[in-house]
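> predicted model and sequence follow; I will ask about them next.
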Amino acid sequence: MIKVNNLTKKFGDNISLDSINCEFKKNESIALMGANGAGKTTLVRSIMGYYHPDAGEVLIDGLDPIKERVKVLNHISFVPQLPPPIKLSIDELISYVQTSSNVDKNLILHYANEMKLDAKSNMNKSFFKLSGGMKQKLLIAISLAKKSDIIIYDEPTANLDPDARDDFYRLLKQNEEEKVLLFVTHRLEEVKDLVNRQIYMDLGKITKDERV
Amino acid sequence: MKNLYLIAYLDLKESLRAKWFLIYSLVFGGLIALFFIAGVTESQVMGFSGLSRLLLMYIQITIVILPIFILITTVRSISGDRDNHILEYMLSFAISLKQYYWGKIIGRFITVYLPVLFAMIIAIVYGAIKGASIPWNIFFLYTGLLFAMSSAFLGIAFFISSFVKSSEVALGIAFFVWIFLLAFIDIALISLMMQARFSEELIITIALVNPMEIFRVAAISLFDPELTVMGPVAFYILDSMSQSMFVLISILYPLVLGLSFAFLGYKIFEKKDLV
């Protein structure tokens, strides 16, 4: 599903990804780990087509995520580590997701409800003004409602309380089949029960890749 | 197309809620109100009075403040979204870069153009109520000039926004562009002339390449078709083209300039790393 071939990405003199090779297939749940600056975020951003590689390529179902970004991103859900300060209201943000990616609004509200977020009564509230936890819950609800084949989470539970984390893991368990789940994390214990593959990165290289 | 309109619509809504938009609208609406309160319509300068005089003053002030307003409010559009990771999230959905970029431009254009246009409409309506004669030719010329001027600076702002990574740097560049063009209206050109190293034709060509200068001359040309207030410069301009041709160029040139910068900005946005 995701194929990374000899991927190199440099920022000035700094080599962020150094000839990375890896492949992620259906039904794989991967924990991507490593110290700060190891290249985890660069790899994720390259998969999403945000970075132009210096060498090598990324292919999602055989498609280049830069040249075929719309087709590729139809298959990817992404939740960043820190929710961005989007100034749109919840209603507008949901409309954006609904129109751009054909996501069912009711499904978003359903998953928000499952995450114990009362989105319906906050529809006109600015996303920016929600608490960190509420923002994260909404982004998780959107990611699940999008029904993507590939779900990428960058430290998704950073702002969540223990109950919300349990809700998140429960919903993920229900939605993990036939998908690639990629967790960028520093805390393996939090996703240990969900993942079946662990990848460690350091200085832009994959140093360990093991199936569990 | 639906995504293009969606981005434009959401950007418009976001801008309408922003504090800068309130200040922006108040400045231009306030200017008109101030002119009425100060009795500008009753004063007479060089034979211009009533609404014509008011519009002349409005346009003279707009030449200076509209570009900087557009530049500082727009230049952070993409670079700001990039800076605070909004771009990373919003572009994780199936939106093409073309739709995102041009949608943002359309939304922002409506936001910056409507307040200046509405301020003029308010002046016309208020003037009509007061019984003043309406200078429609000036109104339509200014509508076109403001449209072209807004396009030019919006294009420049999006061009800067497309390649600058931090919004602070974008603001700095925007301010520099404004000062540079403002200086080239008079100060820099006068010093060039004083040194007398360049021919007058070259200096006038340099001046008219500046969208702020061409806007100013075109604004004057409707009151003063012979451009007598400009002295010998008028000779060079009107000798090479008719007044109506000059007005047409003064609308088309900034429009093409803005579109060219916007297109260049899009090419950079497309070719560079997004975040």
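The structure has been received and is ready for your questions.

> neighbours of residue B:132, how many?
If you count neighbours by other C-beta atoms under 10 Å in any protein chain shown, residue B:132 ends up with 18. Where C-beta positions appear, they are placed from N, C-alpha and C, glycine not excepted.

> whichever helix or strand residue A:183 is part of - contacts with which helices or strands?
In the assignment (DSSP states H and E), residue A:183 maps to strand A:180-184. Contacts defined by 3 or more C-beta pairs under 8 Å, 6 or more residues apart in numbering or on different chains; DSSP states H and E place strand A:180-184 against strand A:28-34, helix A:40-47, strand A:150-154.

> which residues of chain A lie near chain B?
A:45, A:48-52, A:69-71, A:73-74, A:76-78, A:80, A:82-88, A:92, A:95-97, A:99-101, A:139 (C-beta under 8 Å from any C-beta of the partner chain).

> output the lowest mean pLDDT helix or strand found in chain A.
Here the helix or strand of chain A ranked lowest by mean pLDDT, DSSP states H and E is helix A:188-191, holding a mean of 83.

> next one: that helix to chain centre, how far?
Its chain's C-alpha centre and that of helix A:188-191 lie 16 Å apart, by C-alpha atoms, centre = their mean, to the nearest Å.

> what's next to it, contact-wise?
A:29, A:31, A:33, A:157, A:165, A:183, A:185, A:195, A:198 (C-beta atoms under 8 Å, 6 or more residues apart in numbering or on different chains).

> now the helices for chain B?
Here chain B has its helices, by DSSP state H, at B:2-17, B:19-37, B:50-74, B:76-83, B:86-90, B:97-129, B:136-163, B:167-183, B:187-195, B:200-209, B:211-223, B:233-240, B:243-271.

> list the buried residues of the strand or helix carrying residue A:201.
According to DSSP H and E, residue A:201 maps onto strand A:197-202. Within strand A:197-202, the residues scored as buried using 16 or more other C-beta atoms under 10 Å in any protein chain shown are A:197, A:198, A:199, A:200, A:201.

> from those, pick the one nearest chain B.
Nearest to chain B among those, counting by C-beta to the nearest C-beta, is residue A:201 at 18.8 Å.

> coming back round to it: lowest-confidence one in the contacts of helix A:188-191?
When those are compared on pLDDT, residue A:157 comes out lowest, with 82.

> residue boundaries of the helices in chain A?
All helices of chain A, identified by DSSP H, fall at A:40-47, A:69-73, A:90-101, A:105-114, A:132-145, A:162-175, A:188-191.

> dump those helices into a markdown table; add mean neighbour count as well.
Below are the helices of chain A laid out as a markdown table (neighbours: other C-beta atoms under 10 Å in any protein chain shown):
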| stretch | mean neighbour count |
| --- | --- |
| helix A:40-47 | 23 |
| helix A:69-73 | 20 |
| helix A:90-101 | 21 |
| helix A:105-114 | 18 |
| helix A:132-145 | 23 |
| helix A:162-175 | 15 |
| helix A:188-191 | 15 |
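
> rank these by pLDDT, which is bottom?
Minimum mean pLDDT among the helices of chain A: helix A:188-191, a mean of 83.

> confidence score at the residue nearest to the spatial centre of chain A?
Chain A has residue A:152 as the residue nearest its centroid, 2.1 Å off, counting by C-alpha atoms, centre = their mean. pLDDT for residue A:152: 96.
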